[in-house]
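Asker: Okay, predicted coordinates and the sequence, questions at the end:
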Amino acid sequence: MTSSIAQSIVQIDGSFCEGGGQLLRNAVALSALLSKPISIFNVRQNRRPPGLRRQHEAGINLAASICSADTKGVEVDSTMIDFRPGPIQLPKTLSADPGTAGSTTLLLQIAFPCLLFSPSAHQAESESQEAPYHFGISPTLTVHRRGYYPKGGGSVLCTVPAIPGPLFPVVLTERGEVNCDPGECPPQRMVSDAHRTLVASGIPARKISITAVRERDQDVVGAGGGILLWAETDKGCLIAGSAVSIKEKKPKRVGEEAAKELVRNLSHGGCVDEYLQDQMIIFLALAQGTSIVKTGPLTDHTRTAIHIAQRMTGARFHLDENGPDSTTITCEGIGFTPSSR
Ligand SMILES: Nc1ncnc2c1ncn2[C@@H]1O[C@H](COP(=O)(O)OP(=O)(O)OP(=O)(O)O)[C@@H](O)[C@H]1O
């Protein structure tokens with residue numbers, strides 16, 4: 001390796017802050033998108049066991065197939081990887097399979113930014129500009145089959161509208177009034193328990209509606225269940241709480257857990273919940289201009305995502321931690337477009 005190439009490789013310590021798989025996904029996604037080679041050492045150092053698991057391996061290989069990357073060390077248990085992106089060359093359909101009960105949405109987390117700015121499907125331009133979502137984009141996600149732990153076997157199809165220009169910045173500083181609390185979940189005990197926990201926390205019963213959904217046997221692999229609760233506000237914010245049932249957990253606890261998560265995320269008055277908080281960082285960094293997001297206490301996932309986004313993109317973040325329960329994230333995004341690559 002010549003010294004000029006060595007100098008241009010961004011060296012990333014995978015043990016920073018949260019030190020898990022999300023650091024890896026953000027760093028690889030930005031490497032592929034910005035065409036910046038990276039080396040990550042101490043991969044998932046804060047997890048037991050550390051190193052890559054099959055779903056991380058599948059995610060990195062998916063990103064590599066999108067941007068024709070040369071990789072090193074991408075195998076289970078590896079704690080050091082190299083990722084050298086090449087040109088983005090997309091087939092019409094891409095698929096990835098971790099071969100385990102790994103999360104499909106985490107595979108998407110790594111591929112989505114690159115697909116969004118891929119130079120292939122600019123006919124989607126008008127659709128993307130009219131979309132009502134925070135950044136002005138409208139991907140679709142269709143669940144073909146749910147696969148429950150430990151077997152896995154689920155299948156989702158995600159369609160990503162490629163955009164020709166930069167993302168719009170977002171200003172999410174006023175949450176607005178909660179309109180209703182719809183929810184989806186299977187057994188009745190989860191429903192009644194979630195309902196009781198929400199009412200006990202002060203949410204009026206008339207605003208709560210939970211629908212029990214039973215999947216058709218042919219649409220699932222394995223046995224399981226879960227509950228998803230969300231609150232929608234008149235300013236277009238969605239705040240969620242969810243839980244999945246596993247053998248060791250009583251259904252009563254599942255409903256309670258999801259309701260408590262929703263209440264926790266409503267109580268800080270922010271515009272995004274604790275999960276959207278870290279997942280939107282990469283998009284704030286890529287958007288054009290100043291984004292401002294009011295949220296709850298910062299998570300370590302968010303601090304990690306900000307660290308990686310600043311290093312890889314040069315976007316500037318400013319954090320106002322207004323007491324223990326409220327944070328305002330301001331970001332001066334770089335205005336990335338497919339032609340900046
Ligand atoms: N219940 C949930 N709803 C929505 N998003 C979630 C939920 N739980 C986790 N996430 C999101 O999933 C991502 C991964 O988080 P998680 O803590 O599961 O794994 P990780 O630390 O990134 O990876 P790993 O455990 O593989 O090292 C984060 O971006 C987080 O916001």
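Answerer: It's in. As the structure is a prediction and not an experimental result, all values here were calculated from the model.

Asker: Measure how buried Asp77 is and give me the count.
Answerer: Other residues within reach of Asp77 by the criterion other C-beta atoms under 10 Å amount to 12. The C-beta positions use only the backbone N, C-alpha and C, and glycine is treated the same way.

Asker: What separation do you get for it and Leu23?
Answerer: The gap separating Asp77 from Leu23 is 17 Å, by C-beta to C-beta, to the nearest Å.

Asker: what are the ranges of the strands in the stretch 151-300 of the chain?
Answerer: When secondary structure is read from DSSP state E, counting those that start in this stretch, the stretch 151-300 of the chain shows strands at 155-159, 171-172, 178-185, 208-212, 220-221, 225-233, 238-245, 288-295.

Asker: Confirm that Ala63 sits in a helix.
Answerer: Yes. When the secondary structure is assigned by DSSP: H, G, I helix; E, B strand; the rest coil, Ala63 falls within a helix.

Asker: Surely it touches Ala29?
Answerer: Yes. With contacts counted by C-beta atoms under 8 Å, Ala63 reaches Ala29, the gap being 6.4 Å.

Asker: wait, what's in contact with the closest residue to the ligand within the stretch 201-341 of the chain?
Answerer: Relative to the ligand, the nearest point of the stretch 201-341 of the chain is Tyr275 (3.4 Å; C-beta to the nearest ligand atom). For Tyr275, the contacting residues are Ala240, by C-beta atoms under 8 Å, 6 or more residues apart in numbering.

Asker: same question, Gln55
Answerer: If you count contacts by C-beta under 8 Å, 6+ apart, then Gln55 has Gly21, Pro98, Thr100, Gly102, Ser103, Leu106, Leu107 around it.

Asker: and the fifth one, how many neighbours?
Answerer: Here the number of neighbours of Ser103 (other C-beta under 10 Å) works out to 15.

Asker: Backbone dihedrals for Glu215, please?
Answerer: Backbone geometry at Glu215, expressed as degrees, to the nearest 10, gives phi -70, psi 150.

Asker: Surely it touches Arg146?
Answerer: Yes. Here Glu215 lies in contact with Arg146, judged by C-beta under 8 Å, at a distance of 6.1 Å.

Asker: The two - which one has more neighbours?
Answerer: Arg146 (19 against 14).

Asker: That one reaches Val221, doesn't it?
Answerer: Yes. Taking contacts as C-beta under 8 Å, Arg146 lies within contact range of Val221: 7.3 Å.
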